[in-house]
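Visitor: Next input, structure requested:
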Amino acid sequence: MSNFDFDLSALLKETALEEAREALEEDTYDVECPYCNKEFEAHQGKNICPHCKKIVELNLEINL
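Guide: Numbering: from 1, shown residues only. Model (predicted):
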């Protein structure tokens with residue numbers, strides 16, 4: 001018989017944190033364009049401002 005030594009609580013916590021991180025990365029956010037100062041909805045990564053057509057990059061620093 002094998003004896004598995006693992007921390008179920010730590011595994012569940014890590015899984016929950018990863019799911020939360022993925023959800024935050026897939027969501028959209030209301031941001032203000034640094035060029036024209038108008039708000040628009042952006043996702044993580046490169047976005048094009050619908051008002052001035054400039055590229056705006058949204059970088060999320062998620063520390064859970």
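Visitor: Now the residue minimising distance to the centre of the chain. Nearest residue, chain neighbours left out?
Guide: Nearest to the mean C-alpha position of the chain, by Cα atoms, centre = their mean, lies residue 25 at 2.3 Å. Nearest residue to residue 25, sequence neighbours excluded (Cβ to Cβ, 6 or more residues apart in numbering): residue 44, at 5.3 Å. For the C-beta atoms, the positions are set from N, CA and C on the backbone; glycine is no exception.
Visitor: Number of residues surrounding the one you found?
Guide: Counted with other Cβ atoms under 10 Å, the neighbours of residue 44 add up to 16.
Visitor: cool, residue 42 as well?
Guide: Neighbourhood size, residue 42 [other Cβ under 10 Å]: 19.
Visitor: List phi and psi for it.
Guide: Here is the backbone geometry of residue 42 (degrees, to the nearest 10): phi -130, psi 160.
Visitor: Name the helix or strand for residue 10, please.
Guide: Using DSSP states H and E, residue 10 sits in helix 8-26.
Visitor: pretty sure the residue nearest to residue 25 contacts residue 56?
Guide: No: Residue 44 is beyond contact range of residue 56, at 11.7 Å (criterion: Cβ atoms under 8 Å).
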